[in-house]
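Asks: Structure, please.
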Amino acid sequence: MLKVSTERAGEVIDATSREFASGQKVFGRYTLIKVLGRGGMGIVWLARDEELERDVALKFLPDLVIHDRSAFDQLRRETKRCLELTHPHIVRIHDFVHDERSGGISMEYIDGETLSNLRAEKEQRVFEPDEIATWISQLCDALDYAHTRAKVIHCDLKPANLMVNQRSDLKVTDFGIARNLSDSVSRLTLEQGRSGTLIYMSPQQLYGVRCTHLDDIYSVGASIYELLTSKPPFYSGNIDRQICERVAPSMTERRKELDIEPALVPQVWEDAVAACLAKEPLQRPQSAAEIAQRLQLAPVHTRHTTTGRAPGKRPTRKALLVGGIAAVSILALAGLYFGAPKRQAKLVPQAVAIPEKSIAVLPFENRSEERANAYFAQGIQDEILTRLSKIADLKVISRTSTQHYKSAPEN
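Replies: Just a heads-up that it's a prediction; the model follows:
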C-alpha cells in the first residue's frame with residue numbers, strides 16, 4: 001500500500017471505523033457482522049446483503065476520499081470498470097455503494113486465509129515449491145486474463161493480497177482497487193505518488209512511474225521469493241536503494257542464511273524468479289503466462305475443475321457461451337416478469353402473495369462438456385441479481401429461495 005505517516009494512517013482508520021458497529025445497517029441493504037481487516041486505506045467488514053441474501057466483504061472508503069468530489073468520482077469510475085472482471089481466481093467486485101456520509105465497495109467474501117498468514121503458520125515459516133505450484137499457476141492464469149483481456153493492472157500484488165479459500169483455490173484480492181485508492185489518498189495527503197507496498201515494488205514503481213503489467217510481474221517474483229524464503233528480496237536497511245541497485249541473493253543462498261532446510265530451491269524456480277526481479281522491465285517475463293511456462297507449471301484447467309482462460313481458441317468459445325447465456329437470460333427474465341404473475345394468479349390462488357412487481361432469477365446450468373464453465377453460469381446469475389436489485393420498486397427474489405430449482409450435479 002501507499003506509504004503514509006503513522007499519524008495520518010491512524011486518522012484514516014478512525015474516520016472509516018468509528019461510526020460503524022456490528023448489527024448496523026448501511027447503504028440501505030448491508031448489515032455489518034464483523035471487521036475482517038484494517039489498514040491505512042480503510043476498513044473491511046463482513047456484511048450481509050439483505051436484498052440478495054449473501055455475505056459480502058464491504059470495504060469502506062476513507063473520509064478524505066468521500067469528501068473530495070474529484071477523487072471520489074475517479075475511484076467510482078475505475079471501480080466500475082472492474083465489475084467486468086469475471087475469473088475464478090479473482091475476487092469479484094459486486095458494487096460501488098455510497099450515501100451522503102460514506103462510501104464503500106462491495107466484494108465477493110472469501111472464507112479463507114492469505115498466503116502471508118498460511119506461510120507464517122508453517123514450521124519453518126516457508127513453503128516448498130511443490131506446495132505453492134498450483135497456487136502460482138492459478139495466479140498466473142488470473143493475471144494473464146486481467147492484463148491481456150480486461151486490461152487491468154493490480155499494482156499491489158503481495159502474499160497478503162492472495163487468499164486461499166476452503167477449496168484450496170487461490171483468489172487475488174483488491175484487483176483494480178489498490179492502485180486507484182492509494183493514488184487518491186496519495187494526492188490528497190500530498191505524499192509521494194507511488195502505488196504499492198515498498199518491499200514488493202519494482203524500481204519503476206519506486207520512482208512513481210505509471211504502473212504497467214510488468215510491475216505486476218516484478219511483484220509476482222518478489223512474492224514467490226518471500227513464500228519460499230520467509231523474507232522478500234530486500235527487507236532491511238536502505239530498501240529503496242537496494243531495489244534499484246542491488247541484485248537479490250538466490251533463494252537457496254537466502255534459505256542457507258536463515259538455516260532453512262532443505263536449502264536447495266530447484267534451478268527452474270531460481271531462474272524464473274530472478275527474471276521477474278530484473279531491474280529493466282524488458283528483461284522480465286513479458287506476461288504472466290510466460291512465468292508459468294518458465295516454471296513448467298501445468299495449465300490451470302488440467303489441475304482443477306475451475307479454470308481461467310488459455311490463449312488461442314478458448315476465449316472466443318467462452319465469450320460465445322457467456323453471451324449466449326446472457327441473451328437467453330434476458331428472454332427468460334422478461335417471461336418471468338411479464339407472464340408469471342398472471343399465470344400464477346389463475347393456477348395457484350392459494351399461494352402466498354408476493355409484491356406485484358417481483359422477479360426471480362433461476363439458477364443457470366452448464367450444459368457444455370467443459371466443467372469449468374459452471375463458474376460462469378453462477379457468475380451470470382450473480383450479475384443479473386446485482387443489477388436487478390438496483391431497480392426501484394422491484395422485488396428481487398433471493399438466490400437462496402431459488403436454489404431448489406437447481407439440478408443435482410451429475411456424477
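Asks: gap between Thr86 and Lys231?
Replies: As defined by CB to CB, to the nearest Å, Thr86 lies at a distance of 35 Å from Lys231. Bear in mind the C-beta positions are built from the backbone N, C-alpha and C, glycine included.
Asks: hang on, I meant Asp215
Replies: Taken as CB to CB, the spacing of Asp215 relative to Lys231 amounts to 21 Å.
Asks: neighbour-wise, which of the two wins?
Replies: Asp215 (28 against 19; other CB atoms under 10 Å).
Asks: Could you find the closest non-adjacent residue to that one?
Replies: Closest residue to Asp215 apart from its sequence neighbours, by CB to CB, 6 or more residues apart in numbering: Ser202 at 4.7 Å.
Asks: got the domain boundaries for the protein?
Replies: The record assigns the chain these domain ranges, following automatic domain parsing: 6-302, 314-405.
Asks: Going toward the C-terminus from the helix or strand harbouring Leu228, what's the next helix or strand?
Replies: With elements taken from DSSP states H and E, the one containing Leu228 is helix 213-229. Scanning the chain past helix 213-229 towards its C-terminal end, the next helix or strand to appear is helix 239-245 (assignment: DSSP H and E).
Asks: Just the residues contacting the helix or strand just after that following helix, thanks.
Replies: With elements assigned by DSSP H and E, the helix or strand that comes after helix 239-245 is helix 251-257. Contacts made with helix 251-257 from outside it, assessed by CB atoms under 8 Å, 6 or more residues apart in numbering, are listed as 126, 225, 228-229, 231, 248-249, 262-265, 269-270, 273.
Asks: Looks like Asn165 contacts Thr173 (just checking).
Replies: No. Checked against CB atoms under 8 Å, the pair Asn165 and Thr173 is beyond contact range at 11.2 Å.
Asks: Give me the more crowded residue out of those two.
Replies: Neighbours were tallied for Asn165 and for Thr173 using other CB under 10 Å; the higher tally belongs to Thr173 (22 against 16).
Asks: Pull up the gap between the more buried one and Leu162, please.
Replies: Using CB to CB, one gets 7 Å for the distance from Thr173 to Leu162.
Asks: Also Ser102?
Replies: As defined by CB to CB, Ser102 lies at a distance of 28 Å from Leu162.
Asks: And for Glu365?
Replies: Counting by CB to CB, the separation of Glu365 from Leu162 is 31 Å.
Asks: which one of these two has more residues nearby?
Replies: It is Leu162, of Glu365 and Leu162, that has more neighbours when counted by other CB under 10 Å, with 25 against 14.
Asks: hey, where'd the strands end up in this structure?
Replies: Using DSSP state E, the strands assigned to the chain run over residues 25-26, 30-39, 42-49, 54-60, 93-98, 103-108, 112-114, 162-165, 170-172, 358-359, 395-396.
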